[in-house]
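In: Sequence and predicted structure below; questions after.
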Number of protein chains: 2
Amino acid sequence: MKHQSVTPEFEAEMRDRLREKAFVEDTSPYLEEPRGRWSGQGLVIAPGTTQEVAFVLGRCAEANIPVVPYAGGTGLVGGQISADGAVPVVLSLARMNKVRAVYRDENVIEVDAGIILQDVQAEAEKVGRLFPLSLASEGSARIGGLLATNAGGLNVIRYGNARAQCLGLEVVLADGTIWNGMSRLRKDNTGYDLKDLIIGSEGTLGVITGASLRLMPRPAREATAMFVVPSPEAAVSLLARAGDLLGEAITAFELIHRQGFDFLDETGITYHAPFAQTPEWTVLTKIGLPEGQDPEAALTALFEAAEEDVLDGVIAQSVQQADDLWAIREQIPEGNRRIGSVSSHDISVPISAIPEFIKVAPAKLAEIDDFRINCFGHLGDGNLHYNVFPQPGKTRADHAHQRDAVKACVHDLAHAMGGSVSAEHGIGRLKVKDLETYGDPAKLAMMRAIKAALDPRGILNPGAVLRG
Amino acid sequence: MKHQSVTPEFEAEMRDRLREKAFVEDTSPYLEEPRGRWSGQGLVIAPGTTQEVAFVLGRCAEANIPVVPYAGGTGLVGGQISADGAVPVVLSLARMNKVRAVYRDENVIEVDAGIILQDVQAEAEKVGRLFPLSLASEGSARIGGLLATNAGGLNVIRYGNARAQCLGLEVVLADGTIWNGMSRLRKDNTGYDLKDLIIGSEGTLGVITGASLRLMPRPAREATAMFVVPSPEAAVSLLARAGDLLGEAITAFELIHRQGFDFLDETGITYHAPFAQTPEWTVLTKIGLPEGQDPEAALTALFEAAEEDVLDGVIAQSVQQADDLWAIREQIPEGNRRIGSVSSHDISVPISAIPEFIKVAPAKLAEIDDFRINCFGHLGDGNLHYNVFPQPGKTRADHAHQRDAVKACVHDLAHAMGGSVSAEHGIGRLKVKDLETYGDPAKLAMMRAIKAALDPRGILNPGAVLRG
């Protein structure tokens, strides 16, 4: 069924029925995405209540007008941008940004979907709890989008991704029906797990308007260490050993290649060099322990127990030193941006396959051209940001004609090793073809059947995840 | 579309196409359930491979014959039993009970769906890892059924329920298609979360034939304590305090009412009484810490920090003493069985609502008749087994006419407090009406739409979860 574009009459009806605040002056921020790859179109509407969201979706369903849900707009795969097709309603959650309730003793916070991640973290801290989801865009990313894309980030190894933080959802469905699933229950086996179906569906099955989130105890004592490892194999072995010694106390376990340091140097980004010479491979790890326990001692014990896996290491002796070590990891993406990648990849493979991937991939890429590779990421989750760059003196533009070949090379290899071509960024509009290429046919058929069942008109974020 | 019963011709075809081993002599165990509430019907087939499962389902789909998946048969809500309607194929996974692969360094085990839980626990221990799912029926429950029902058990507070232990699935769909989702990935955001949709769907959306499971580090040091608390309020406050002090080290946190002890005495079940007088309320907790840390000291610190919440307590000084304490908790269900409940309930409420529930429920039940109540369970998950018993000299039969009223009383109250009428046992056939009564209408509509989309003929476990 062909979708209809927003008409002047439709816009007039919306302006008549919704308060002025629902319409922003400057809509341009809603029609761009961070990398500037797409510019979008649409009537931006920012409802103030779940009922208003239901009204807008209900009318869009009747008029067969597409709806693009928009949270923080920080997505990297174009899930929040409609560049073509019928002119949609861009449904912003920005005005629905309140904390609904906090239940300290049961470690639960209930929020509007438009609340910014950093604000949830702050609310949790106020009551002596931790909301563990943490990623680079936490200052602008909103909970609704983080759940719709099942966002990952730094602490997944310990706390899981966005999915694991969510106990319940309030969702407006394609026909404007409100599903009230705002549960605070830890256990509820009454029917299908619709919460997890909506989480990660990128706005194609419903619009998340509220969430009930799990809070965690704050680790009383944290410590950070950077270990120099001789190889990715040693890093994987160190990870297993750390699990044996430290159990679930490992909050982060990041692999960094020397290329990351070199790009910081090359682009004039300053940092405190932890070692006299930049090591080929380093692991940056953070652990958190309850009161009365000594995380520095635990890291020292790991360092001693892992002598064949570790060449050298520093254990931060102060918060400042820990921040300095983390600043290196956190600045690597900016270094990458300044160099300008030919192609960036958010892949995952089974953890024990990481060394093989890191060994094989450069050889395959060398068959295309002479590149520099910055491989870093969440080793503890099997998630590598595997980014391909031009050699000095060349630019990404010089390799534009090779971009698709580079992407296919990296994705084919990850897939062949049982990996994923989108570990944490999702499908959006950028990777629809990848999903068709690499996705299990039975899985794709199930997804299409579910999409047709829950959104028969296909008005929810058409073109995202599945071909419209 | 009306379902067809298994015909002699169909059985002949199955016997012709499948090996003899697929047909058991004595089918009676497959046609009963633990409480003897139903006796079932059907042609029992035990395929040896995923391909054979696919063949059977494909033929059943063509012939429109219902299929009842059967794993360990330990379910308590009749999900594994078809008592009426067209005579189905009862599809037993018992022969598919192998470990497929173990990946120690990445904490993953891949298994057939028919493997028994205890065998998975043993395989994990062999490689120095933990498979944390643990429940009373672990000696006979099979992974496929545990995942299909999203089983809970004792360690959910720390490790989550069955869902949280699963990284990937292999599933045969209603038309005989095989979905290969046997992923070992910790992060994969490529499309809808079909794994979690199948988990907990109780065999109504697909038949699980294989699973990729997450292993955990084994806590090097464990300790158990039983604390006497003045009230359920104090137990909830103790739980929050324990979280502050011990973080995620709490492996179990069980609430026990004196009625549980009294029933053991009354039914001649022996146990080591931890206190001179049986306390009104006790909390049984277990914590596990990594190497080099002292869980007894941690429990002592909790005991001291929680003085206003705790009247008395014992911290097990030996494995034997810990086992004695846990034996009390583990024997309570047997005591209940010997007394014979009027009605048993597997409910959950938000953790902070538990004291109110425990205060209000007895008064409401007293309006029906004079009962004894044994309230115990997984306080850390908000999950109470709230069981209602006759007074001495009376039997459950004397209250048979009140059973529905008792059930409605308990379920209405749990629902009114934002709780669940099936925290961990699922819906099966026993609670289909409860789901219709208490389930959110939008949720039920979504469930029916998904069921129709993935199983258009409705041949998968008809009558379970949703009305056939």
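Out: It's in. Here the structure is a predicted model, which is why all the values come from computation and not from measurement.
In: What ranges does the stretch 101-250 of chain A have for its strands?
Out: With DSSP state E, counting those that start in this stretch as the criterion, the stretch 101-250 of chain A has strands at A:108-112, A:129-130, A:166-172, A:178-181, A:207-214, A:216-217, A:221-229, A:250-257.
In: Could you tell me the angle between the last one and strand A:221-229?
Out: By that I understand strand A:250-257. For strand A:250-257 against strand A:221-229, the angle by axes from the mean of the first three to the mean of the last three Cα atoms, to 10 degrees is 30 degrees.
In: can you give me phi and psi for the closest residue to residue A:389 other than its chain neighbours?
Out: With Cβ to Cβ, 6 or more residues apart in numbering or on different chains as the measure, residue A:372 is the residue that lies nearest to residue A:389, at 4.4 Å, once sequence neighbours are left out. Backbone N, C-alpha and C define where each C-beta goes, glycine included. Main-chain torsions, residue A:372, degrees, to the nearest 10: phi -110, psi 140.
In: State the distance from residue A:291 to residue B:244.
Out: 8 Å (Cβ to Cβ, to the nearest Å).
In: next one: residue A:191
Out: Applying Cβ to Cβ, one obtains 34 Å for the distance of residue A:191 from residue B:244.
In: and what of residue A:178?
Out: 36 Å.
In: So for these two, which residue has more residues nearby?
Out: More crowded of residue A:178 and residue B:244, by other Cβ atoms under 10 Å in any protein chain shown: residue A:178, with 19 against 16.
In: which residues sit in contact with that one?
Out: A:50, A:51, A:54, A:170, A:171, A:172, A:209, B:442 (Cβ atoms under 8 Å, 6 or more residues apart in numbering or on different chains).
In: The closest residue to residue A:48 other than its chain neighbours: neighbouring residues, count only.
Out: Nearest non-adjacent residue to residue A:48, counting by Cβ to Cβ, 6+ apart: residue A:95, 4.9 Å away. Applying other Cβ under 10 Å, we find 17 residues neighbouring residue A:95.
In: Residue A:95: what secondary structure?
Out: Under DSSP: H, G, I helix; E, B strand; the rest coil, the three-state class of residue A:95 is coil.
In: what's the spacing between it and residue A:127?
Out: 25 Å.
In: likewise residue A:373?
Out: Distance from residue A:373 to residue A:127, by Cβ to Cβ: 44 Å.
In: Looking at these two, which one has more neighbours?
Out: residue A:373 (18 against 14).
In: quick one on the thing from earlier: distance to residue B:435, neighbour count and pLDDT added to the contacts of residue A:178, as TSV?
Out: Formatted as TSV, the contacts of residue A:178 follow (distance: Cβ to Cβ, whole Å; neighbours: other Cβ atoms under 10 Å in any protein chain shown; pLDDT from 0 to 100):
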residue	distance to residue B:435	neighbour count	pLDDT
A:50	24	19	98
A:51	26	13	98
A:54	24	19	98
A:170	20	22	98
A:171	19	32	98
A:172	22	30	98
A:209	24	28	98
B:442	14	19	98
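In: residues from the stretch 301-450 of chain A in reach of chain B?
Out: A:301, A:348-352, A:378, A:380-383, A:418-427, A:431, A:434-435, A:438-440, A:442-447, A:449-450 (Cβ under 8 Å from any Cβ of the partner chain).
In: Now, those that are in helices?
Out: Members of these lying in helices (criterion: DSSP state H): A:301, A:434, A:435, A:438, A:442, A:443, A:444, A:445, A:446, A:447, A:449, A:450.
In: The fourth one reaches residue B:191, doesn't it?
Out: This points to residue A:438. No - Residue A:438 lies out of contact with residue B:191 (Cβ atoms under 8 Å); the separation is 10.2 Å.
In: Neighbour count: these two, which is higher?
Out: Per other Cβ under 10 Å, whichever of residue A:438 and residue B:191 has more neighbours is residue B:191, with 23 against 18.
In: give the contact list for the residue most central in space within chain A.
Out: By Cα atoms, centre = their mean, chain A has its centre lying nearest to residue A:151, at 3.3 Å. Residues counted as contacts of residue A:151 (Cβ under 8 Å, 6+ apart) are A:133, A:135, A:141, A:145, A:161, A:162, A:424.
In: Repeat that for residue A:227.
Out: Residue A:227 sits in contact with A:238, A:282, A:283, A:285, A:303, A:306, A:310, A:312, A:313, where contact means Cβ under 8 Å, 6+ apart.
In: bridging residues for the fourth one?
Out: Same thing as residue A:285. residue A:225, residue A:253 (DSSP bridges).
In: In contact with it, which residues?
Out: Counting by Cβ under 8 Å, 6+ apart, the residues that residue A:285 touches are A:224, A:225, A:226, A:227, A:242, A:250, A:252, A:253, A:254, A:299.
In: any idea how far it is from residue B:23?
Out: In terms of Cβ to Cβ, residue A:285 sits 54 Å off from residue B:23.
In: Next: the first one.
Out: Applying Cβ to Cβ, the value for residue A:238 to residue B:23 is 51 Å.
In: These two: which has the busier surroundings?
Out: residue A:238 (23 against 15).
In: Verify the stated contact: the more buried one with residue A:307.
Out: No - contact between residue A:238 and residue A:307 fails when scored by Cβ under 8 Å: they sit 10.7 Å apart.
In: Which residues outside the biggest helix by length in chain A are in contact with it?
Out: In chain A, ranked by residue count with DSSP H as the criterion, the top helix is helix A:319-339. Applying Cβ under 8 Å, 6+ apart, the contact partners of helix A:319-339 are A:136, A:222-226, A:254, A:256, A:260-261, A:263-264, A:266-267, A:269, A:271-272, A:274, A:284, A:286, A:314, A:316, A:344, A:374, A:376, A:385, A:387, A:389-390.
In: Buried ones only from these, please, as a ChimeraX command.
Out: Selection of the buried residues among the contacts of helix A:319-339 in ChimeraX, burial being defined by 16 or more other Cβ atoms under 10 Å in any protein chain shown:
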select /A:222,223,224,225,226,254,256,260,261,263,264,269,271,274,284,286,314,316,344,374,376,385,387,389,390
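In: Between all of the ones in helices among the residues of the stretch 301-450 of chain A next to chain B, which two are separated the most?
Out: A:301 and A:449 (52.0 Å; Cβ to Cβ).
In: show me what contacts the closest residue to residue A:403 other than its chain neighbours?
Out: Excluding the flanking residues, the one nearest residue A:403 by Cβ to Cβ, 6+ apart is residue A:343, at 5.1 Å. Neighbour list for residue A:343: A:387, A:388, A:403, A:406, A:407, A:410 [criterion: Cβ under 8 Å, 6+ apart].
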